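*Asks:* Need a 3D model of the following:
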Amino acid sequence: MMVSAQPVFAQDQDMVVPPADRAATGGAQTLQDILERQKGVAIDDTFRSGVTGADNVPPPPDSPLATRGGPSDADVYRGMRYNTLDVKASNNGPASDVFIQDGGMRWLTLRAGPVSTYGGYALLGMIGLLALFYVLRGRIMVDGGLAGITIERFKPVERFGHWLIAGSFILLGLTGLTTLFGRVALIPLVGHDAFSPVAIGAKWIHNNVSWAFMLGLVLVFVMWVAHNIPNRLDLIWLAKGGGLFSKHSHPSAKKFNAGQKIIFWSVIVLGASISVSGLSLLFPFEMPLFAATFAKLNALGLPGLVGLDALPTALAPQEEMQLAQIWHVIVSFALMVIIIAHIYIGSVGMQGAYDAMGDGDVDLEWARQHHDLWVEEVQAKQSGAEKSATPAE
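*Replies:* Model (predicted):
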């Protein structure tokens, strides 16, 4: 008899079929069970998972029953399938006692499907929106032209922290995308043999450059957190769109305006989340994150508020790694979308903006139009320093 697998439809995955009549099979699975499982439909498999464990211990191996002794193949493999078999493994690693973990297929389907697809669309969508914005708005110029006089915007140590985190994030993004899309985008173009060293190099760069990214996060946070505390000026700046959508509109701002504060906290919060999940992946099975997190969320009742059942808290070691990888990719996509917008406005999108991180000095008129209150603070300090340095007559 030949059984053909049916295609999996998205709506099938949310269906739960009624309990099958297993009288003809003595309680064992039926052809209907197999076909529904191939479709990705959630089935009630308690008829199998419920007959393992302490209450259903197979006879000892030296029992005279069956050709293999006490336990049958079905008993053994069912216990392995649901991780209830009392076994000893020669490998004493954290995941050594999990012989079968079918969650890997769900992880692979999610990673290769929605995560990669929507993440890729998000990156392309942001690039498309910025291109459209540039066509409609053009480059944001300094009203009246540049003054030709500069003022120090960022000190060398500040620029070092910025470029450390920026350079490392670009490398991490490129190598991460290479790993995620290599199978579908690069292997068909260059072949497996050519892609292999690329993948190995991308993995090495990703794992090691991550430490520079985390160091950059700490430096940037320490240097700039005091300047990125939200205040009332930010609401006014946001209400006026930062002057980005209309010419001759320049809402007041201190050293960092509301848009830059959004970038800062996005980098800190999302970057920290990426770092934690990345550490979990760098040290497999040593930093389980999700079982404890899910337990706290369940205790707070948050899943129920959005119509979800309680989140699973008994996770296999492999499931912890799979969830960490999916979370790592999703948050990375979110930060990449934000950083693309930041790169645009700091380069081709605004006249004079790149100078701030290029050599640290910006045109005085640019500074007055985009950070007028900060210019007043700097000039007041310089005036006070000059007065204190002038000897009394």
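*Asks:* For the chain, just list every one of the strands.
*Replies:* For the chain, strands defined by DSSP state E occupy the ranges 150-152, 361-363.
*Asks:* Identify the neighbouring strands of the last one in the sheet and state each direction.
*Replies:* In the sheet containing strand 361-363, the strands it pairs with under DSSP bridges are strand 150-152 (antiparallel).
*Asks:* The partner strand: which residues count as buried?
*Replies:* 150-151 (16 or more other C-beta atoms under 10 Å). Heads up, the C-betas are built off the backbone N, CA and C, glycines and all.
*Asks:* Distance from it to the middle of the chain?
*Replies:* 37 Å (C-alpha atoms, centre = their mean, to the nearest Å).
*Asks:* repeat for stretch 355-368
*Replies:* That offset, for stretch 355-368, works out to 33 Å (C-alpha atoms, centre = their mean).
*Asks:* Quick one: mean pLDDT over it.
*Replies:* For stretch 355-368, mean pLDDT rounds to 95.
*Asks:* again with stretch 196-206
*Replies:* Rounded mean pLDDT across stretch 196-206 is 96.
*Asks:* What ranges in the protein fall below the confidence cut-off?
*Replies:* Scanning the chain for pLDDT under 70 picks out 1-27, 40, 51-74, 386-393.
*Asks:* Sketch out the helices for the stretch 151-300 of the chain, chain order is fine.
*Replies:* Taking DSSP state H, counting those that start in this stretch as the criterion, the stretch 151-300 of the chain carries its helices at 156-181, 187-224, 232-239, 258-282, 290-300.
*Asks:* Compile these into a markdown table and extend it with columns for mean neighbour count and distance to Ala334.
*Replies:* Shown next, in a markdown table, are those (neighbours: other C-beta atoms under 10 Å; distance: least, C-beta to C-beta, whole Å):
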| stretch | mean neighbour count | distance to Ala334 |
| --- | --- | --- |
| helix 156-181 | 17 | 12 |
| helix 187-224 | 15 | 16 |
| helix 232-239 | 14 | 20 |
| helix 258-282 | 19 | 6 |
| helix 290-300 | 15 | 18 |
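*Asks:* circling back: need the strands of the chain in a markdown table with distance to Asp102, can you?
*Replies:* As requested, those are arranged in a markdown table below (distance: least, C-beta to C-beta, whole Å):
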| stretch | distance to Asp102 |
| --- | --- |
| strand 150-152 | 60 |
| strand 361-363 | 57 |
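*Asks:* center of the chain - which residue?
*Replies:* Centrality entry for the chain: nearest residue to the mean C-alpha point is Val331, 2.1 Å, by C-alpha atoms, centre = their mean.
*Asks:* Arg37: which of the helices of the stretch 151-300 of the chain is closest?
*Replies:* Of all the helices of the stretch 151-300 of the chain, it is helix 290-300 that lies closest to Arg37, at 25.1 Å by C-beta to C-beta.
*Asks:* Determine the set of other helices and strands touching the closest one.
*Replies:* Judged by 3 or more C-beta pairs under 8 Å, 6 or more residues apart in numbering; DSSP states H and E, the packing partners of helix 290-300 are helix 317-345.
*Asks:* angle of the helix it packs on against helix 290-300?
*Replies:* Per axes from the mean of the first three to the mean of the last three C-alpha atoms, to 10 degrees, the angle that helix 317-345 makes with helix 290-300 is 80 degrees.
*Asks:* centre of the chain versus helix 317-345, how much separation?
*Replies:* Centre-to-centre, helix 317-345 and its host chain are 2 Å apart (C-alpha atoms, centre = their mean).
*Asks:* for it, packing partners?
*Replies:* helix 103-110, helix 116-137, helix 156-181, helix 258-282, helix 290-300.
*Asks:* Check which residues of that helix are buried.
*Replies:* For helix 317-345, by 16+ other C-beta under 10 Å, it's 317-337, 339-342, 344-345.
*Asks:* The closest residue to Ala356 other than its chain neighbours: what's it in contact with?
*Replies:* Nearest non-adjacent residue to Ala356, counting by C-beta to C-beta, 6 or more residues apart in numbering: Arg153, 4.3 Å away. If you count contacts by C-beta atoms under 8 Å, 6 or more residues apart in numbering, Arg153 has them with 355-356, 360-362, 367.
*Asks:* can you put these in a markdown table and add neighbour count?
*Replies:* Below are the contacts of Arg153 laid out as a markdown table (neighbours: other C-beta atoms under 10 Å):
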| residue | neighbour count |
| --- | --- |
| Asp355 | 17 |
| Ala356 | 21 |
| Gly360 | 16 |
| Asp361 | 15 |
| Val362 | 24 |
| Ala367 | 23 |
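*Asks:* Distance of Leu297 relative to Val225?
*Replies:* 28 Å (C-beta to C-beta, to the nearest Å).
*Asks:* hang on, the earlier thing: which member of the contacts of Arg153 is positioned nearest Leu305?
*Replies:* So of the contacts of Arg153, ranked by how close each gets to Leu305 (C-beta to C-beta), first place is Ala356, at 42.8 Å.
*Asks:* thinking that closest one is in contact with Val362, fair?
*Replies:* Yes - Ala356 lies in contact with Val362 (C-beta atoms under 8 Å); the separation is 5.1 Å.
*Asks:* I'd say Ala341 and Ala131 touch.
*Replies:* No - using C-beta under 8 Å, Ala341 is not in contact with Ala131, being 11.9 Å away.
*Asks:* for Met321, what are its contacts?
*Replies:* 280-281, 284-285.
*Asks:* ok, for Ile330, nearest residue in space, not its chain neighbours?
*Replies:* Val115 (6.3 Å).
*Asks:* Neighbours of the one you found, how many?
*Replies:* With neighbours defined by other C-beta atoms under 10 Å, the count for Val115 comes to 18.
*Asks:* go on, Trp374?
*Replies:* 20.
*Asks:* give the contact list for it.
*Replies:* Counting by C-beta under 8 Å, 6+ apart, Trp374 has contacts 253-255, 367.
*Asks:* Could you report the separation of it from Gly182?
*Replies:* For Trp374 relative to Gly182 (C-beta to C-beta), the value is 44 Å.
*Asks:* Repeat that for Gln379.
*Replies:* Taken as C-beta to C-beta, the span from Gln379 to Gly182 is 53 Å.
*Asks:* Could you do Ser332 as well?
*Replies:* With C-beta to C-beta as the criterion, Ser332 and Gly182 are 16 Å apart.
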